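# the sequence isn't on hand, but the structure is:
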């Protein structure tokens, strides 16, 4: 997480910083893990059906945001490689770490939402087994499959009301004013029936997009873009301000993809303004129109990025044939046509040979311009140190999640 | 449940839908998945189960899968699970509000401090439907619909303000008759109570336990206008649509049921269309969770079969079927369309706002307060002590009556009338259940059987009000008999005509003056046809029982009040 992909060096620095944090969060319970370690059953609809008689079977554990793209891609892969069967298993990032660490899941390959999850798993695995699980060298080292920035998504009629007043829903100071107004939407000229302003982001201790939102919130209060310090978090005024914003969140989601789906299903009755990934926003745009109307997308300034690494394991449950088959799949996913298909689902390509903008009117960055989707993204915020993130999560737990405990 | 079904109410009154095809139903190794679901999903699930069984479903191990589904009130099924019911694989109440309460109470009862065991952790939403106030279209228009936004507070104030429809220029419609299901049995009833509490507290969020106390007087006034409670929303809606506006002006239902009122040919003869009011303060969503229960009695095969049925229900094809039944599908690739449109009384752009689920502790405080805010109930219990009841039948009927008295809320009132060749009041005026229970039980225990059966005279006598009943009390008569009338002065026709006139609001015998009549045909000699007619005319329900299961009938009856 929190990595700007264009500068590869930065990624590593951020990751090393996050490794310790992630392990500590995992170990001391700042990150909540689901009680069940079993990998959930494959999703119901539109299931890609691998050939049960294929010569090589590989299991691919991945996070829910990528589901639509990967199903389409793997279907295509099966056509080209009838001797390989890919069994897809969708799960949440943190949930998959637990399943892997406990040995409940033994997939051939894995793709969490971001590298923080890799470090979380590595720390846990090394502690118990005394060696590393994740392949880190050469051709098998983790490689980003796709990338996406964090955005703010709002229902068009409600977003218009704000932008008409020169305020943006991606600005935390505006959000704070909205969240704390006892008159709700009426305070900015909306009808009484809209009620209070309802914000949304996932829980930062279960979901990456929620943690990114919290980091940007802290930057929003300080007015900084870098150098977030422990003293900023321990400022009583910040904590009060954060708590006030968070009262406008009805429910913290547990995973980004399902949370966006909730916004589309329940519409503005439950969610007015949501923090989530650009890819997720693009993926649900058409469904939203079929239900409640148009969505508008805004880019917070500064923002944060997620890349989706593909991870190989050195586990003894993986045969050389499986590993070779998985490499074929990885190369296929990074190939130009499949990277282009990823763009249809809202992801930005990780393969630098694939251009984000094309003349194709169906390209989301062309098609959804009116909804606010754009190629240029505001500068990335500096990822805070592990210590600061740890403190931020602990503060959120104390002030927001379970105050008084 | 079947308390408000005019016909076909049997002792095991749950609606059971089993669509096992012949070979799978009898296969010795078949895997049975038993589902308890809220009755508002009945039409959809019956359809979906039939389609699923047609696919010849099997587990990975090759065992045939059979789905058996029971429609019942969400809160009622929750109580059964908490009480140790173990034959269920899947629980699908109307709302995840109930799932939270079940998990909370289960961990309290089984986990102890900090154990946090959740019995209903594996929960997935099947379909959505907002809670609405369903109302006959001309009545909605009289209130200003569709131009004027209406809400919980408007309805509550109309219901409590007096003057009935005359206030809106339509005196011919009589009183404003409002209904919701019983909060102890059904999710929509619980939601109606929570919404009334929000309205009473003048809030739309941050409802606290103090608000519950402060809003009690307001909620009590709302409840005073409630004509009666039902046990499950689907069956309650069925009653509203088939009985018409003379029976209920408006009721708290789910949006899909308003669609069903237009789609189901059974309701074709209703006088007006029904429309949905989406309360302006916000409402609640029924999200229809599909919960595979974490019970030791649920086998791995059952879990697998339940998951595969869940996948089937979530498939785009079946989600489309759900839409055709008036639900909002959770499959996002489906665009909303008919019947979710104004021609079916609905507005897919609504609701604009929700009322947040209060914290579990506050929700429980609201549900617990129901006894204090509901309309007081006065029950007249009428027991046949004719010669044919001699021996075991009377002994069992008395044991059942004890269960009935034990289950009545302490704040309600009760009196007992015995009949054979004559009528004998154990207490001619109603007494509080709390203080009178022991004395009534003693009197019942001392009863013996002899003589004829003055059934109709007894029912007529019991239907006259008690001077000690509190104002506004809901009155009910529960009659148990094992035979036919032998010596009444009153004729059956006269009795039925009297009750029907009262229900239709004609003559002196207005609705308020005549109680609801519940009849129990006891044993093989009873005349179910006659008793069913009396229950129908009396706006109650008919049951049949035997000495073996009479206690269960009484328990079901008592839980209605």
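Sure, I can see it. A quick note: this is a predicted structure, and the numbers were derived from the prediction, not measured.
# excluding its backbone neighbours, what's nearest residue A:244?
Leaving out its chain neighbours, the residue that sits closest to residue A:244 by Cβ to Cβ, 6 or more residues apart in numbering or on different chains is residue A:180, at 5.0 Å. Where you see a C-beta, it was placed from the backbone N, CA and C, and this is true even at glycine.
# and that neighbour, what does it touch?
A:244-245, A:247 (Cβ atoms under 8 Å, 6 or more residues apart in numbering or on different chains).
# buried subset of those residues, written for ChimeraX?
Selecting only the buried entries of those in ChimeraX, with 16 or more other Cβ atoms under 10 Å in any protein chain shown as the criterion:
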select /A:245
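# nearest to chain B, of the contacts of residue A:180?
residue A:247 (8.3 Å; Cβ to the nearest Cβ).
# show me the contacts for the closest one.
Residue A:247 makes contacts with A:179-180, as judged by Cβ under 8 Å, 6+ apart.
# hmm, 10 Å instead?
Taking Cβ atoms under 10 Å, 6 or more residues apart in numbering or on different chains, we find residue A:247 in contact with A:179-180, A:196, A:199, A:400, B:205-206.
# now, the most widely separated pair of the residues you listed?
Maximum pairwise distance in these, criterion Cβ to Cβ, is 17.0 Å, between A:196 and A:400.
# could you pull out the strands in the stretch 151-300 of chain A for me?
Secondary structure of the stretch 151-300 of chain A by DSSP state E, counting those that start in this stretch: the strands cover A:199-200, A:273-277, A:295-298.
# one more: the stretch 201-350 of chain B?
Using DSSP E, counting those that start in this stretch, strands in the stretch 201-350 of chain B cover B:250-254, B:274-277, B:285-286, B:289-292, B:328-329.
# in a markdown table: the strands of the stretch 151-300 of chain A, plus mean neighbour count and mean pLDDT.
Shown next, in a markdown table, are the strands of the stretch 151-300 of chain A (neighbours: other Cβ atoms under 10 Å in any protein chain shown; pLDDT from 0 to 100):
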| stretch | mean neighbour count | mean pLDDT |
| --- | --- | --- |
| strand A:199-200 | 24 | 96 |
| strand A:273-277 | 27 | 96 |
| strand A:295-298 | 22 | 96 |
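# can I get these in CSV with distance to chain B?
Below are the strands of the stretch 151-300 of chain A laid out as CSV (distance: least, Cβ to the nearest Cβ, whole Å):
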stretch, distance to chain B
strand A:199-200, 13
strand A:273-277, 14
strand A:295-298, 13
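# before we move on, back to that, so which of the contacts of residue A:247 is the closest to residue A:70?
residue A:199 (29.9 Å).
# which residues does the closest residue to the closest one other than its chain neighbours contact?
Closest residue to residue A:199 apart from its sequence neighbours, by Cβ to Cβ, 6+ apart: residue A:248 at 4.3 Å. Neighbour list for residue A:248: A:175-176, A:178-181, A:184, A:196-200, A:272-273, B:205 [criterion: Cβ under 10 Å, 6+ apart].
# write the PyMOL selection for whichever of these are buried.
Those of those that count as buried under 16+ other Cβ under 10 Å are selected in PyMOL with:
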select buried, (chain A and resi 175+176+178+179+184+196+197+198+199+200+272+273) or (chain B and resi 205)
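# now residue B:169. Nearest residue, chain neighbours left out?
residue B:142 (6.7 Å).
# ok, now how distant is the one you found from residue B:526?
45 Å (Cβ to Cβ, to the nearest Å).
# those two: who's more crowded?
Neighbour totals were compared for residue B:142 and residue B:526, and residue B:526 leads with 22 against 17 (other Cβ atoms under 10 Å in any protein chain shown).
# where does that one fall, phi/psi-wise?
phi -70, psi 160 (degrees, to the nearest 10).
# tell me who's in contact with it.
Counting by Cβ under 10 Å, 6+ apart, residue B:526 has contacts B:384, B:388, B:480-484, B:519-520, B:544-546.
# follow-up on the earlier one: show me what contacts the residue nearest to residue B:169?
Counting by Cβ under 10 Å, 6+ apart, the residues that residue B:142 touches are B:135-136, B:165, B:167-170, B:173, B:249.
# now secondary structure, neighbour count and pLDDT too, for those, in a markdown table please.
Formatted as a markdown table, these follow (DSSP: H, G, I helix; E, B strand; the rest coil; neighbours: other Cβ atoms under 10 Å in any protein chain shown; pLDDT from 0 to 100):
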| residue | secondary structure | neighbour count | pLDDT |
| --- | --- | --- | --- |
| B:135 | strand | 29 | 97 |
| B:136 | strand | 24 | 98 |
| B:165 | helix | 20 | 93 |
| B:167 | helix | 14 | 93 |
| B:168 | helix | 16 | 94 |
| B:169 | coil | 9 | 94 |
| B:170 | coil | 14 | 94 |
| B:173 | helix | 20 | 92 |
| B:249 | coil | 27 | 93 |
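# can you tell me which of these lies closest to chain A?
For these, the nearest to chain A is residue B:135 (18.3 Å; Cβ to the nearest Cβ).
# what's across from that closest one in the sheet?
Counting by DSSP bridges, residue B:135 is bridged to residue B:250, residue B:275.
# hey, which helix or strand in chain A has the poorest pLDDT?
One helix or strand of chain A scores below all others by mean pLDDT, DSSP states H and E: helix A:8-28, with a mean of 46.
# quick one: residue B:35 is in a strand?
Yes: Residue B:35: assigned to a strand according to DSSP: H, G, I helix; E, B strand; the rest coil.
# count the residues that sit near it.
Counted with other Cβ under 10 Å, residue B:35 comes out at 23.
# any idea how far it is from chain A?
Distance of residue B:35 to chain A, computed by Cβ to the nearest Cβ, to the nearest Å: 17 Å.
# returning to what we had before: looking at the contacts of residue A:247, which is nearest residue B:494?
residue B:205 (55.6 Å).
# I'd say that closest one and residue B:359 touch.
No: the criterion here is Cβ atoms under 10 Å, and residue B:205 misses it with residue B:359 at 11.5 Å.
# and the spatially closest residue to residue B:230 that is not a sequence neighbour, what does it touch?
Nearest-residue entry for residue B:230: residue B:236, 3.3 Å, with adjacent residues in sequence omitted and distances by Cβ to Cβ, 6+ apart. By Cβ under 10 Å, 6+ apart, the contact list for residue B:236 reads B:1, B:3-4, B:39-40, B:73, B:134, B:179-182, B:186, B:188-189, B:228-230, B:248, B:251-253, B:257.
# can you rerun that using 7 Å?
Counting by Cβ atoms under 7 Å, 6 or more residues apart in numbering or on different chains, residue B:236 touches B:4, B:179, B:181, B:230, B:251.
# out of the residues you listed, who has the most neighbours?
Top of these by neighbour count (other Cβ under 10 Å): residue B:181, with 36 neighbours.
# distance of that one from chain A?
Remark: distance between residue B:181 and chain A (Cβ to the nearest Cβ) = 22 Å.
# which SSE is the closest residue to that residue other than its chain neighbours in?
Closest residue in space to residue B:181, ignoring its immediate chain neighbours: residue B:189 at 3.6 Å, by Cβ to Cβ, 6+ apart. For residue B:189, the host element (DSSP states H and E) is helix B:187-201.
# now the contacts of residue B:142 as a markdown table including distance to residue A:138?
Below are the contacts of residue B:142 laid out as a markdown table (distance: Cβ to Cβ, whole Å):
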| residue | distance to residue A:138 |
| --- | --- |
| B:135 | 70 |
| B:136 | 74 |
| B:165 | 82 |
| B:167 | 82 |
| B:168 | 80 |
| B:169 | 84 |
| B:170 | 83 |
| B:173 | 82 |
| B:249 | 76 |
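# I am finished for the moment; much appreciated.
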